[in-house]
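Asks: sharing a model prediction with you, sequence too.
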Amino acid sequence: MKRFVTLGTVGFLLFTVTGCGGPDALMREFIVHLNGYAETLEKKESRDKQAGALERVKSTIEKIDKLKLSQEEREKLITKYDGEFKKAKERVETAQKTYLMDGGVATDFPDLFGGFVKPK
């Protein structure tokens, strides 16, 4: 519970301190939501909570897509947050594997990273 409250607080602060939803704020929000999704898997929370966390990740991706960044701007953004993004991505992938190995329901985990990282 402490982790969830801390994660929510950090996400809220990052979002409000940087202004209204520019690329940097959205990228931080994306990373926070990825970690939140991984946490629901790690704790083996209900499917509803996992679906909610996953929906927050997807909505943030949609917000980033609505900015219509050029490929160059998108690459700069990804490069700027590369370390944090990689850690979050690895955490999600590890949590998915562990969840399934520990007897979690085998569902299709969506590819959250392909559409965001690769050019459209």
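Replies: Here it is on my side, so go on.
Asks: I'd like to know how far residue 68 sits from residue 62.
Replies: 12 Å (Cβ to Cβ, to the nearest Å). All C-beta atoms are positioned from the backbone trio N, CA, C, and that covers glycine.
Asks: ignore what I typed, I meant residue 54.
Replies: For residue 54 relative to residue 62 (Cβ to Cβ), the value is 13 Å.
Asks: higher neighbour count, these two?
Replies: Set side by side, residue 54 and residue 62 show more neighbours around residue 54, with 20 against 9, by other Cβ atoms under 10 Å.
Asks: skipping its backbone neighbours, what lies nearest that one in space?
Replies: Excluding its sequence neighbours, the residue lying closest to residue 54 (Cβ to Cβ, 6 or more residues apart in numbering) is residue 37, at 5.6 Å.
Asks: so which strand or helix has that neighbour?
Replies: helix 23-42 (DSSP states H and E).
Asks: point out where this structure drops to low pLDDT.
Replies: 1-2, 4-21, 104-120 (pLDDT under 70).
Asks: can you give me the helices for it?
Replies: For the chain, the helices defined by DSSP state H cover 2-17, 23-42, 47-66, 71-80, 82-101, 114-117.
Asks: deepest-packed of those, please.
Replies: Comparing those by mean neighbour count (mean count of other Cβ atoms under 10 Å), helix 23-42 ranks first with a mean of 21.
Asks: now residue 81: closest residue in space, sequence neighbours ignored.
Replies: residue 27 (5.0 Å).
Asks: the one you found contacts residue 82, correct?
Replies: No - taking contacts as Cβ atoms under 8 Å, residue 27 lies outside contact range of residue 82: 10.5 Å.
Asks: so what sits against both of these two?
Replies: Shared contacts of residue 27 and residue 82 (Cβ atoms under 8 Å, 6 or more residues apart in numbering): none.
Asks: let me see the contact set for the residue nearest to residue 54.
Replies: Contacts were defined as Cβ under 8 Å, 6+ apart; by that measure residue 37 touches 50, 53-54, 56-57, 92, 95.
Asks: please apply the same query to residue 23.
Replies: 64, 67, 69, 73, 77.
Asks: fine by me, we can end here.
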